[in-house]
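Q: Test case, fold it:
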Amino acid sequence: MEDIKLMKGNEVLAYAAVRCGADGYFGYPITPQSEVLETLTELRPWETTGMVVLQAESEVASINMVYGGASVGKRVLTSTSSPGLSLMCEGLSYLAGAELPCVVIDVSRGGPGLGTIQASQADYFQVVKGGGHGDYRMPVLAPNSVQEMNDFVDLAFELAFKYLNPAMILADGVIGQMMEKVRLSPQKPRRTEEEIRKECPWAAIGKGAHRKERNIVTSCYIDPETMERHNHKLQAKYERMEREEVRVEEMEVSDAEYVLVAYGASSRICAKVVKDARAAGLKVGLIRPITLFPFPSEAIRRAAQHAKGFLSVELSMGQMIEDVRMAVGNAEIPVRHFGRTGGIIHSPREVYEALKQFMTETGGL
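A: Reported below is the predicted structural model:
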């Protein structure tokens with residue numbers, strides 16, 4: 001029988017972590033994602049699957065605990081919100097440099113600074129463009145439903161181990177706090193130590209009958225030429241992600257004269273706008289990036305062959321719009337931004353009015 005429940009997005013993240021066979025969670029409470037850790041402590045998975053759940057003393061500690069667990073091939077994850085992610089950025093860069101798989105979840109809130117505990121999408125730059133120092137990237141999944149919060153945890157682990165790289169789930173406070181019906185994933189067993197040794201020959205689990213030489217996990221390459229070779233290796237991996245891992249949802253795009261581009265909670269609002277616009281006889285479509293990196297540039301380029309304009313709808317002052325402009329690649333096609341910030345969620349009516357104003361100014365009405 002299917003296991004169907006009515007749950008918050010943050011609660012589902014906890015259930016999904018246990019059910020996908022995770023070995024450990026290391027985190028620190030911060031609004032609006034604190035329910036992840038709270039739910040894990042209620043589930044007590046250490047008594048059922050043996051999964052470790054630990055509240056670290058800070059976000060800096062938690063990301064370095066993730067580094068330790070990932071170094072020995074374990075399926076480990078953490079979750080946080082915007083200021084907490086800023087504290088994790090050095091550790092994220094180390095994880096990427098050492099080519100260690102893990103999952104990091106950011107349920108973003110308003111900023112800059114301490115900001116507000118309300119929803120935001122203003123972490124786009126930090127997450128999609130790397131976040132920490134150095135030339136590194138992460139696959140970034142952007143759920144727009146509680147169901148996808150469930151599904152993307154296992155998918156993020158799959159991507160992390162496929163590419164030996166941190167994988168990110170970027171949600172906003174709306175998706176984290178809202179309640180919806182969700183079909184929970186079936187329970188997967190945690191891997192045995194023998195399975196880990198077989199699947200993770202790079203893991204720092206010592207010498208023995210299974211290995212004559214020890215593995216060294218590091219992101220430190222003092223020799224410049226060695227460091228450059230390592231960087232070229234990493235870039236080849238990121239280019240492979242761009243070829244193989246783009247995920248996107250399109251709605252009424254094939255004949256659209258104006259295209260909304262939105263992810264997360266904003267994409268749900270825009271889906272309503274598209275329905276209302278079509279009912280009014282306006283040829284409007286929606287492109288929803290499911291992966292923010294790799295970005296679905298090709299879908300936008302195809303739409304740009306017939307579209308008169310693009311509106312990037314974000315809960316920010318405008319960040320994803322830069323990638324939309326680059327994907328459109330034609331300065332004669334206008335690309336505008338509409339968004340709210342400070343934790344204020346735009347309504348379908350606000351987006352619709354902004355769209356009509358945009359169409360009027362560019363000759364579409």
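Q: can you pull out the strands in the stretch 51-200 of the chain?
A: With strands called from DSSP state E, counting those that start in this stretch, the stretch 51-200 of the chain shows them at 52-55, 76-80, 102-108, 140-141, 166-172, 179-183.
Q: need the ones you listed in JSON lines with distance to Trp46 and mean pLDDT, can you?
A: Heads up, the C-betas are built off the backbone N, CA and C, glycines and all. Formatted as JSON lines, the strands of the stretch 51-200 of the chain follow (distance: least, CB to CB, whole Å; pLDDT from 0 to 100):
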{"stretch": "strand 52-55", "distance to Trp46": "6", "mean pLDDT": "98"}
{"stretch": "strand 76-80", "distance to Trp46": "14", "mean pLDDT": "98"}
{"stretch": "strand 102-108", "distance to Trp46": "19", "mean pLDDT": "98"}
{"stretch": "strand 140-141", "distance to Trp46": "27", "mean pLDDT": "98"}
{"stretch": "strand 166-172", "distance to Trp46": "23", "mean pLDDT": "97"}
{"stretch": "strand 179-183", "distance to Trp46": "24", "mean pLDDT": "97"}
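Q: Which one, of these, ends up nearest to Asp154?
A: With CB to CB, the closest approach to Asp154 among the strands of the stretch 51-200 of the chain belongs to strand 102-108: 9.4 Å.
Q: Asn165 and Phe295: what is the separation?
A: Using CB to CB, to the nearest Å, one obtains 17 Å as the distance from Asn165 to Phe295.
Q: If you could redo that for Val66, that was the one I meant.
A: For Val66, the distance to Phe295 (CB to CB) stands at 25 Å.
Q: The two: which has the busier surroundings?
A: Applying other CB atoms under 10 Å to Val66 and Phe295 shows that Val66 carries more neighbours, namely 28 against 20.
Q: circling back to that earlier point, format the strands of the stretch 51-200 of the chain as JSON lines; extra columns: mean neighbour count.
A: Supplementary listing: the strands of the stretch 51-200 of the chain in JSON lines, determined by neighbours: other CB atoms under 10 Å:
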{"stretch": "strand 52-55", "mean neighbour count": "16"}
{"stretch": "strand 76-80", "mean neighbour count": "28"}
{"stretch": "strand 102-108", "mean neighbour count": "29"}
{"stretch": "strand 140-141", "mean neighbour count": "26"}
{"stretch": "strand 166-172", "mean neighbour count": "29"}
{"stretch": "strand 179-183", "mean neighbour count": "15"}
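Q: Which strands and helices lie in contact with the top helix by length along the chain?
A: Residue-count comparison of every helix in the chain, with assignments taken from DSSP state H, identifies helix 224-244 as the longest. Counting contacts by 3 or more CB pairs under 8 Å, 6 or more residues apart in numbering; DSSP states H and E, the secondary-structure elements packed against helix 224-244 are helix 82-97, helix 146-163.
Q: Take the ones you listed and lay them out in a markdown table including mean pLDDT, mean neighbour count and distance to Ala22.
A: Putting those into a markdown table (pLDDT from 0 to 100; neighbours: other CB atoms under 10 Å; distance: least, CB to CB, whole Å) gives the following:
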| stretch | mean pLDDT | mean neighbour count | distance to Ala22 |
| --- | --- | --- | --- |
| helix 82-97 | 97 | 22 | 16 |
| helix 146-163 | 98 | 22 | 7 |
